[in-house]
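Undergrad: Have a look; sequence and predicted model below, questions after that.
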Amino acid sequence: MHCPFCRHSDSRVIDSRTSDDGLSIRRRRQCPECGGRFSTIETASLNVIKRSGVIESFSREKVMSGVRKACQGRPVTEADLAMLAQAVEEAVRQTGVSQIDTNEIGLAILGPLRELDEIAYLRFASVYQAFETLDDFDEAIALLRADHAQRAQREEV
Ligand SMILES: [Zn+2]
């Protein structure tokens with residue numbers, strides 16, 4: 001990478017640090033020519049293919065804003081959303097793919113969102129899975145209730 005100050009074509013790594021979530025490495029570099037210092041951040045590339053066919057890089061912020069709408073009026077904090085977006089990114093990266101479509105991101109969001117808030121989950125699922133009738137809601141709610149019953153049973157044992 002070129003030095004951003006003098007465009008020298010080489011730089012020396014003087015420090016590198018893995019981010020807390022383990023998803024990126026930050027390197028502190030120094031230009032041997034002008035002595036200027038700068039940082040680079042290295043992450044495995046992860047692209048999202050939108051429904052329109054446009055490809056853009058994965059963004060936690062976009063995951064958060066998508067989920068934020070479904071969480072309106074619910075007891076969900078920005079910190080909760082940030083943790084959810086991180087969980088989604090980790091789940092997607094663990095699959096080892098470098099490209100994913102928005103649909104698969106939606107799927108990756110459903111699980112952690114359900115853990116976070118079931119009403120927000122139903123709202124998100126209704127938009128994302130295009131619920132058309134009350135029966136679709138009934139079905140989703142029946143699944144949630146079945147899960148509750150299972151959990152209660154497990155706790156009794
Ligand atoms: Zn330089």
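TA: Yes, it's here.

Undergrad: Tell me who's in contact with the residue of the chain lying at maximal distance from its centre.
TA: Largest separation from the mean C-alpha position in the chain: Glu33, at 39.2 Å (C-alpha atoms, centre = their mean). Glu33 sits next to Cys3, Cys6, His8, Asp10 when contact means C-beta atoms under 8 Å, 6 or more residues apart in numbering. In this view, the C-beta of every residue, glycine as well, is placed from N, C-alpha and C.

Undergrad: Can you tell me which residues in this structure are near the ion?
TA: Cys3, Phe5, Cys6, His8, Cys31, Glu33, Cys34, Gly36 (C-beta under 5 Å from the ion).

Undergrad: One more pass at 8 Å, please.
TA: Proximity of the chain to the ion, by C-beta under 8 Å from the ion, involves residues 3-8, 11, 31-36.

Undergrad: ok so Val13 is a strand residue?
TA: Yes: counting by DSSP: H, G, I helix; E, B strand; the rest coil, Val13 is part of a strand.

Undergrad: if we can go back for a sec, between the residues of the chain next to the ion, which sits nearest Asp135?
TA: For the residues of the chain next to the ion, the residue nearest Asp135 by C-beta to C-beta is Pro4; the value is 58.0 Å.

Undergrad: so how many other residues sit close to the closest one?
TA: 13 (other C-beta atoms under 10 Å).
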